[in-house]
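In: quick one, fold the following:
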Amino acid sequence: MRFVLILSSIFAIFLNSAHADPGHRHGDTMPPWQEATGWPDRIVVTLADTPQNRFSVTWRTDESVTETIAQIAVATEDARFDLAATTVSARTEPLNPAMPELQGTVYQEPMNAGLPAAHFHSVTFSDLQPDTVYAYRVRGVRGAWSEWFQTRTAAETGPVKFIYVGDAQNGVMSHWARLIRASYAAVPDADFILHAGDLVNRASRDFEWAEWFKAVSHIHGMVPALPVAGNHEYARLGLSPNQTDRVLSIFWRPQFTLPIEDSLPPDLHEVVYDMRYSEDLHVFILSTQNSNIQAQAKWLDTQLSNSTATWKVVSMHHPIFSSGRGRDSEALRSVLLPVLERHSVDLVLQGHDHTYARGAIGQTPERLGWRDTGGHVQTMFVNSVSGPKQYEFQDSGWDMYEGYDVELARRAENTPFYQIITVDGDTLNYEARTVLDQLYDDFEMRKTGGIKQITRGATSTMSERSYQNTGEYPGVNDLK
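Out: From the prediction side, this is the model:
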């Protein structure tokens, strides 16, 4: 009897290990929200080059789904609005997360060992009407449909409101989920959400991307995502003993359908792009982990020169002016800051430093101090973090950048934030809020007669948050 029990125990262990995800902490069995099936999951809307008339949707299934479709209809109050739906064939891209292929070479990814291949599908819905709510759904195997989602195309003119968040990175499902869901609860009518890099911690670990999609739940099925690739979206793959450069996550291009800038080298496709969202707003996305910064600077210079938008926003992962201790990027600043200054870019949204900082360079030739109200401002810079991983603010604040005459207006430690940014004609409003929807920082910027000014400075009643007044911080090593 004892022998039978031992055999039964060994057999049970074998069954569990056969279905284990070695990339999952402690080798626990794969959670049901990670495993690909014949049903569509990881559904995300992204914006095409003309968001007034087009948007894209990407989703995942298991490898049994080799061909599939999506449907779209104008959303109406009718119970059977779907009777007017149009069917669109999807593009399908296979990916084996355990043995992905890169530049014709197949390599092993130990973090995904034992995971089966999956298929990523995408459609771009075109010839749409501006500022119109559309309903869409996507299919896996025959008969396995997602729910109907609703999303709105961009308006050509009028107010635009979007959410910006910095690094999620760690404890994505356990901790970051409450922040991103709080942001959606506060701004359910957001036009898009901009993620300023480090969406996950390990670029090509399937479990972490599964956490990210679980955390955002249905949100990105409705609110388009504008993702920025951070340093943690790149990883060294060890394809050769001499390889030192990091390469983009194996999941990035299959799971996000993003604009391709043909003038850029292929390794910058779908990580460097721009989005003319409306007459008022033009957003430019850079990939600062990619070593080809010169090509990006040249592209950005050209795009900014050609843009007629009222407000120009640039987002990148590594900050021009660092707020985290020992994290300065002088080489990056020397290449990109002249471009930002030459075109008086209005707002630069960044991550990476796991602290909060907001400050600006003045606009006058003498770089007169703007003092947060009334002064002329050339470019406003923000570093922010939305996940639980937090760093200390560097000792000198921004004093080390005295030669650039950049002035720090607000700072914080040990606090995840989401930001709400609204542009409407000649006015830009900015708010940084905590997970409890408390206003921590805000300002209003206006353009009148060719002059850009801060017309209202921070009105928050919250005290400056630092490690000295927010309690002990035990780190993130125990997060799941």
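In: now do the contacts for H195.
Out: 165, 168, 225-228 (CB atoms under 8 Å, 6 or more residues apart in numbering). Every residue, glycine included, has its C-beta placed from N, CA and C.
In: right, and F251 touches W209 too?
Out: Yes - contact criterion CB atoms under 8 Å: F251 and W209 qualify, at 5.3 Å.
In: how about the CA coordinates for the host helix or strand of A177, as PDB?
Out: Remark: A177 resides in helix 177-186, with elements defined by DSSP states H and E. Listed next in PDB are the C-alpha coordinates belonging to helix 177-186 (Å, rounded to 0.1, in the frame of the first residue of the first chain):
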ATOM      1  CA  ALA A 177      -3.800  46.800 -11.700                       C
ATOM      2  CA  ARG A 178      -5.400  49.000  -9.000                       C
ATOM      3  CA  LEU A 179      -3.600  52.100 -10.500                       C
ATOM      4  CA  ILE A 180      -4.500  51.500 -14.100                       C
ATOM      5  CA  ARG A 181      -8.100  50.600 -13.200                       C
ATOM      6  CA  ALA A 182      -8.300  53.700 -10.900                       C
ATOM      7  CA  SER A 183      -7.200  55.900 -13.900                       C
ATOM      8  CA  TYR A 184      -9.900  54.400 -16.100                       C
ATOM      9  CA  ALA A 185     -12.500  54.900 -13.400                       C
ATOM     10  CA  ALA A 186     -11.500  58.600 -13.100                       C
END
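In: following that helix, which helix or strand shows up next?
Out: Following helix 177-186 in sequence order, the next helix or strand is strand 192-195 (DSSP H and E).
In: distance from the chain centre to the helix or strand following that following strand, please.
Out: Per DSSP H and E, the first helix or strand lying C-terminal to strand 192-195 is helix 206-216. Remark: helix 206-216 is offset 13 Å from the chain centroid, using CA atoms, centre = their mean, to the nearest Å.
In: check stretch 383-401 too.
Out: 19 Å.
In: mean confidence score for that stretch?
Out: What stretch 383-401 shows for mean pLDDT is 94.
In: list the buried residues of that stretch.
Out: By 16 or more other CB atoms under 10 Å, the buried positions in stretch 383-401 come out as 383-394, 398, 401.
In: go on, stretch 274-294?
Out: 274-278, 280-290, 293.
In: stretch 164-180 now?
Out: 164-173, 175-177, 179-180.
In: work out the gap between that stretch and the centre of the chain.
Out: The answer for stretch 164-180 is 11 Å, by CA atoms, centre = their mean.
In: what is the end-to-end distance of it?
Out: 10 Å (CA to CA, to the nearest Å).
In: do stretch 78-94 as well
Out: From start residue to end residue, stretch 78-94 stretches across 37 Å - CA to CA.
In: next: stretch 287-300.
Out: 12 Å.
In: what of stretch 46-65?
Out: 22 Å.
In: one more: stretch 111-130?
Out: Span of stretch 111-130 from end to end, CA to CA: 43 Å.
In: what residues sit buried inside that stretch?
Out: 111-112, 115, 118-125, 128.
In: can you give me the helices in the chain?
Out: Assigned by DSSP state H, the helices in the chain fall at 2-18, 177-186, 206-216, 219-222, 252-255, 293-306, 330-342, 467-470.
In: and the two most separated of the buried residues of stretch 164-180?
Out: Y164 and M173 (21.0 Å; CB to CB).
In: ok, the nearest residue to A186 once chain neighbours are set aside - how many residues close by?
Out: Nearest non-adjacent residue to A186, counting by CB to CB, 6 or more residues apart in numbering: D437, 5.5 Å away. Using other CB atoms under 10 Å, D437 has 11 other residues around it.
In: residue contacts, D437?
Out: 182, 185-186.
In: output those residues in TSV, with pLDDT and distance to D41 appended to each entry.
Out: TSV is the format used below for these (pLDDT from 0 to 100; distance: CB to CB, whole Å):
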residue	pLDDT	distance to D41
A182	98	23
A185	98	23
A186	98	26
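In: which of those residues count as buried?
Out: A182.
In: nearest to K452 among the contacts of D437?
Out: A186 (27.1 Å).
In: wait, that closest one sits on E431?
Out: No - contact between A186 and E431 fails when scored by CB under 8 Å: they sit 9.4 Å apart.
In: name the residues contacting each of the two.
Out: Common neighbours of A186 and E431 (CB under 8 Å, 6+ apart) are I420.
In: buried ones in stretch 228-237?
Out: Buried, per 16+ other CB under 10 Å, within stretch 228-237: 228-235, 237.
In: can you pull out the low-pLDDT segments for the stretch 1-150 of the chain?
Out: 1-28 (pLDDT under 70).
In: please repeat the previous calculation with a cut-off of 50.
Out: 1-23, 25-26 (pLDDT under 50).
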